[in-house]
Structure formats: structure tokens, C-alpha cells
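>>> with the input below, show me the fold.
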Amino acid sequence: METAHPLTVRRRMDAAWFVVLATAGAALLAVFLALGVVLGRNPLPMPVVLGFGVGLLGTLALALARYDAAVVLGVFLLAAVRVEPAPSDLVFGVLIAVAFATWRFDLQRVPLSITLLISAFLGLNLMASIDVVDPGRAVTFFAITLYLGVFGLWFAGYVHSAGRARLVLLAYLAAAVLSAGVACLALFASFPGSDLFVRGPRAQGLFKDPNVFGPFLVPAALVLMEETVAPRLLRMRLLPKLALLSVVTVGVVFSFSRAAWLNLAIGTAALLVVLALRRGGARKALSLLVVALTAGAALFAVLATTSSLTFLQERAAIQVYDTQRFGAQLSGVELAAEYPLGIGPGQFERVSELSAHSTYVRALAEEGVLGMLVILAIMLLTLGFAARNAVLGVDTYGIGSAALFGAWCGILANSVFVDTLHWRHLWLVAALIWAATALRTRYPGR
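Sure thing, here's the model as predicted:
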């Protein structure tokens, strides 16, 4: 019997894989278009639909040819979440489909407890969907939650080398710095499209809300802080790092988001504590404190120069809508008492006509007490992993564990006052923490 030439066999296998992946891409395209057009309250214009289709096919081609390059593109696009599905969702959706088809979805690099808790939370979402008020909203909201849960698990498995960690870090920093720089410039200078990056006197980048834009910049600021005193992945001198840190920090301030300010303050404090407790870390912590104080003085000068101090004082004070915000949270508790299994994903605004303004309150109202306990377990368990990684000095292949611990502490505090469940960067930071935890478990001596 004649045996085919190895090159011929390989070409046939490549062709078979291409058919499989093209089918997966087409299926993914159909899903996203169905969510965006059929279930959406406002159907997308045909040019936008065609643009999504072309973008998905282009992303599929890029993922097949340059998998890591497609990941870099997706991370960079995290700075644009004006509509859902966001551009980064389309890229990562294709990458996850490719990962499934090519056996590159590695759950062994994720703590088993996290996988089980995310699965449980998704299951509780389905259980709570029995008597939803708005089925279309429930489907779209759950689809995003499902996607982000899978994204977190996949991303934790993807980052398994210093090279990939550096690519991810550079893409995220580039997105944060560029977004902060353009948004702050748009506040004080008019240029084509500048209105897209601001909301009144507040910077919001390409996000729906300044309260998401500001927190998106915080992990980048914390990583840059740690890199200034303990260089690892960034191959640049101190002054460029400080310049990048300044741009990102100014972006946080000019978002005029009190939750983002709290996020940054708690994250910085946690970073300083970790550095101070490490062997020989007192000098590094002191150096970072000096940098923080100098940056604070520079920010004060910028605010004074741009006549923004008055607005800063107004934003720092108690706002009129704070009463409504805490009233909505009380409404969530009342809903949980009336519906023990929850009212279903995405239904809070349909029932109370107000936003939840808290990740924990949303979970309590929409998935019941058990749902809130599960999401709280995910948050606190990830915090425990981050703390242990920071204490043991186990970085995520060079991405500082102290910065990730500080970023997660800030996100937890932020989640009390803002609904963060669908924040893409929350799941990215969590995935980086899980990746380091799996690294420590597999290689205890590292």
C-alpha cells in the first residue's frame, strides 16, 4: 500500500484545520451578529454589521497566522468598550474558538477552585433566568458574563512564558498610555473626534463612562510603579517609565471618578506595604513613596494650571445622586429577600429602574444569596492567591505580583460602589493572578 508523502499529509491536515477553524469563525460570527442585531433593542446599521463581519474574518486569519499577534491586538483594544460586543470581544472570541479547536485551551494552568466557582456562578445565572422580565436583556447580559468567564480561564492558560507576559504587558500599557494621553488632550484641545474621548469636563476615553475609564488605567499605573523600583519586563530607563506613569496617573485624576481615585489610592498603599515587607524592600518602598509624592505635587500643579481644582473639589464632595445610588443598593437587598433564586441576569435595571452600582448587590439581586456568595468567593479567593503570590514573590512570568495584588485590592474596593462584573480588565487582572498561582503550584521552588 502506497504511503503518502509527509509533506502531502501535512498539507491535508492544514487544509482540514482551516476548514474546521473557518467553520468555527463563521459560527462565532453568526452568534455575535445574532446578539448585536436580533436581540439588540437598536439594530446595528448594515455598514457596522459588515464591518464586524470583515473584522472577524480578518481576526481569524491573523489568529491562524500569528496567534500571539492577535492576542496583542485584543489586549490593546481593551481600551475601547463603547459598545457591546466590544472590538476586543470579537478578537478574543475568535482566539478562544481557535484555542478550543487546536487544543490550546489549557485549564490545567488555572486553579481548580476558580474553574468550579466560575462554572457554579454561570449555572446560577441560568437557574435565575426562569422568570426574567426581559428575556432579550437576560440573554445578552448572560452571554457577556459567559464570555468573560471563559475569557478569564483561557487567558490564565495563555500567559505561560515570559515572552507572552511581556507582550501582554506592553499591549496593555500602550493602550492605557495612549488612551489617557488622547483623552486628557481632548479636554483642553479640540481636534477631529475629540468629543468621543470626553464627557463634559471629564475624560472617558473610548469607554461608555469615565467611571470605567479611570479604573482601567489603575493596573497600568501600579505596574509602572513597581517597574520603577524593581525592573523586570520593561526594557527602558527610569525617566521614560516616570513619564508614562505621569500620563496614566493624570488620566485617572481627570476621569474625575471618585471610585477610580479610591481604587488607585488603595492599590498604591497595598503595593507600598508589600514592597516594604520584602527583604531589603524598605528602600524600594521609600523610593516609590518619594515618586508618589512628587507625582502628587506635579498633579496638583497640573490641576491648578488647567483651572480644574474647583471641579475636583466638587467631585470629591457628596453628590446628589449618591442617595439614589445607595437607594438602588437597598433595593437589591429587598429584591433578594423577595426572590431567593434571583431575578435573572441583567434584570436589575428592568425591575428597579436604577443601576446596581455594586457588583455584590447585582449578584445578590440577580442570582440570589448563593450567587452573591459565589462571586464573593471568586473575589476573595483571588485576593488570597494574589496576597500569597506577593508574599512569596511569585510574579506572573515577570509581571510584578505586588502590582497585581494592589490592582486586585483596588478593584475589590471599586466593586462596592460600581458594577464591575463586565469590566474586561477585571478578568484580565484576575487571569494574571491565577496564572501565577498555577505557576507556584506546578513549580513550588520557583
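
>>> could you report the neighbour count for Arg283?
11 (other C-beta atoms under 10 Å). Bear in mind the C-beta positions are built from the backbone N, C-alpha and C, glycine included.

>>> check the one 3 residues further on too.
Residues within reach of Leu286, counting by other C-beta under 10 Å, total 14.

>>> and it, what helix or strand is that in?
Using DSSP states H and E, Leu286 sits within helix 282-305.

>>> verify the stated contact: Leu126 with Phe142.
Yes. Look at Leu126 against Phe142 with C-beta atoms under 8 Å: they come within range, at 7.5 Å.

>>> out of those two, which sits in the busier spot?
Phe142 (20 against 14).

>>> low-confidence ranges, the stretch 151-300 of the chain, go.
For the stretch 151-300 of the chain, the stretches with pLDDT under 70 are 280-281, 295-300.

>>> and the helices in it?
In the stretch 151-300 of the chain, the segments counted as helices under DSSP state H, counting those that start in this stretch are 162-188, 210-229, 238-254, 258-277, 282-305.

>>> give me the domain ranges for this structure.
Domain assignment of the chain by automatic domain parsing yields the ranges 6-101, 107-442.

>>> circling back to that earlier point, can you say which of the helices of the stretch 151-300 of the chain is packed in most?
Across the helices of the stretch 151-300 of the chain, averaging neighbours per residue (mean count of other C-beta atoms under 10 Å) puts helix 210-229 on top, at a mean of 26.

>>> report all helices and strands that that one contacts.
For helix 210-229, the elements it packs on are helix 162-188, strand 202-203, helix 238-254, helix 258-277, helix 282-305, helix 401-417, helix 424-442, judged by 3 or more C-beta pairs under 8 Å, 6 or more residues apart in numbering; DSSP states H and E.

>>> the ones you listed: which one's closest to Ala120?
Smallest distance to Ala120 across the helices and strands packed on helix 210-229 (C-beta to C-beta): 15.9 Å, for helix 424-442.

>>> so which elements touch the closest one?
Partner elements for helix 424-442 (3+ C-beta pairs under 8 Å, 6+ apart): helix 135-158, helix 162-188, helix 210-229, helix 359-392, helix 401-417.

>>> what comes up buried for the shortest one?
Same thing as helix 401-417. 401-415, 417 (16 or more other C-beta atoms under 10 Å).

>>> state the mean pLDDT of that helix.
Helix 401-417 carries an average pLDDT of 95.

>>> and the angle from that helix to helix 258-277?
150 degrees (axes from the mean of the first three to the mean of the last three C-alpha atoms, to 10 degrees).

>>> helices or strands next to helix 401-417 in the packing?
helix 210-229, helix 258-277, helix 359-392, helix 424-442.

>>> and Asp68, which of the ones you listed is closest to it?
helix 424-442 (15.4 Å).

>>> run the chain-centre distance for the closest one.
Here helix 424-442 is found 12 Å from its chain centre; the criterion is C-alpha atoms, centre = their mean, to the nearest Å.

>>> hey, where'd the helices end up in the stretch 1-150 of the chain?
Secondary structure of the stretch 1-150 of the chain by DSSP H, counting those that start in this stretch: the helices cover 6-33, 46-65, 67-76, 87-101, 112-127, 135-158.

>>> pull the distance from the shortest one to the chain's centre.
With C-alpha atoms, centre = their mean as the basis, the distance from the averaged C-alpha position of helix 67-76 to the chain average is 15 Å.

>>> run through who's touching it.
Helix 67-76 is contacted by residues 59, 62-63, 88, 91-92, 94-95, 98, 104, 158, 164, 167-168, 170-172, 174-175, 428 when judged by C-beta atoms under 8 Å, 6 or more residues apart in numbering.

>>> give me that answer again for 6 Å
For helix 67-76, the external contacting residues (C-beta atoms under 6 Å, 6 or more residues apart in numbering) are 62-63, 88, 91-92, 95, 167-168, 171-172, 175.

>>> dump those residues into JSON lines; add distance to Val132 as well.
JSON lines is the format used below for the contacts of helix 67-76 (distance: C-beta to C-beta, whole Å):
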{"residue": "Leu62", "distance to Val132": "37"}
{"residue": "Ala63", "distance to Val132": "34"}
{"residue": "Ser88", "distance to Val132": "27"}
{"residue": "Val91", "distance to Val132": "30"}
{"residue": "Phe92", "distance to Val132": "27"}
{"residue": "Leu95", "distance to Val132": "30"}
{"residue": "Leu167", "distance to Val132": "40"}
{"residue": "Val168", "distance to Val132": "36"}
{"residue": "Ala171", "distance to Val132": "37"}
{"residue": "Tyr172", "distance to Val132": "35"}
{"residue": "Ala175", "distance to Val132": "35"}
